Structure formats: structure tokens, C-alpha cells
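Student: Below are the sequence and a predicted model for it; my questions follow.
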Amino acid sequence: MKILTLLRHAKSGWDDPVSRDFDRPLNPRGRRAARTVGLEMKAQGLAFDLVRASPARRVSETLEEVEAAFGPLEAQFDQRLYLASTATLLEIVRSAPDEAERLLLVGHNPGFEEIALRLSHRDEAGLRGQVEIKYPTGTLAQIALPVEHWVDVAERSGQIVRFIRPRDLDPELGPDSE
């Protein structure tokens, strides 16, 4: 069994006068949400053997806040994760080393929502249905995949076993005009 965890970057600031999307920072609410999710990850005892992340500023700042609450993650930054398509995400997952049982990817939508839906099937808890509605910023989805080798990951074979949204942990982090 392999475990894939997808953490979407927290809310970024559109007010900041950066010239490139890549350089957009988190806003204060995003920083708080990332730290809150990091605390929940720690409380639930999550662990990862390999962490790969987009090098975008809002992702690296999300990781900083998560690590402040969770502990070190030792992420490897991978340019392919910046605004990655579903095909690219699937390639990254399938090329992960088999020694890593628990893979964490930190990046962006719409790719994360699409890959979560593509790899999972309906579940009794209704977590896939929640992803179908919306995969908000700062949210973590965890998918259990019934394979021994990452290369064997197939569409609709997994099950979403966790879907942690910042607003579920702190109502003040609830939806607005994302």
C-alpha cells in the first residue's frame, strides 16, 4: 500500500506588486491556515518518506508555516510541480522511488484537485465528493493506493482517506472569494 498526500499551498496575496505569479507570497490568513494544518498533521500522526514541492514562493512559505507546527519535512523542490498538469503529476507519482511508502506533494490547483479525483473512486465517507465540490487553498488530501510500486498507480484505484481543510479546523479560515 502506498500513501499519496497532496497539500495545496495556502492562500496567497494578490495585493503584492510582484511581477511574476511564481513570486506571489502568502497573505496573513494563508500563513495562519498553513500553520493550523501543520498542527493537525502532527496531531493525526502523519509521516512522510519523501516530500516534493513546487519551488513557487507561496509553496515554500506554506512549507515554512507547516514545518513550524509539524516539524521538518526536508522537501525536494521540483520545477515540474509548478502549476503541473494532471499528466505531469501522474508522471511524478509513478516515478517516485519504491522505498518511499508515503509521498507528500506540495503544489497547486487545478492539478491537485484533478489528480485526486483521477486516482480515487467513490467512498462511503464522501471525501471524494468533497474534493469534487472544491479543493480550497491550504487543504490536504490523502489517497491510499493499493500498489507495491508507484509505477503501478492506476486511475480510480485509490481511496481518499483524509481531506483536511483549514476552515474545518478554524471557522475563521472559512471560504471567501478564492
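Tutor: Here it is on my side, so go on.
Student: How far off centre is the helix ranked longest in the chain?
Tutor: When the chain is parsed with DSSP state H, its longest helix is helix 28-43. Offset of helix 28-43 from its chain centre (CA atoms, centre = their mean, to the nearest Å): 13 Å.
Student: Please name every helix or strand in contact with it.
Tutor: Judged by 3 or more CB pairs under 8 Å, 6 or more residues apart in numbering; DSSP states H and E, helix 28-43 is in contact with helix 57-70, strand 159-164, helix 166-169. Where C-beta positions appear, they are placed from N, C-alpha and C, glycine not excepted.
Student: as a whole number, average confidence for the helix or strand immediately after it in the chain?
Tutor: Next helix or strand after helix 28-43 toward the C-terminus (DSSP states H and E): strand 50-53. The average pLDDT for strand 50-53 rounds to 98.
Student: Need the contact partners of strand 50-53.
Tutor: Strand 50-53 has contacts (CB atoms under 8 Å, 6 or more residues apart in numbering) with 59-60, 63, 73-78, 81, 92, 96-97, 100, 102-107.
Student: Report the buried members of those residues.
Tutor: Among these, the ones that count as buried by 16 or more other CB atoms under 10 Å are 59-60, 63, 73, 75, 77-78, 81, 92, 96, 100, 102-107.
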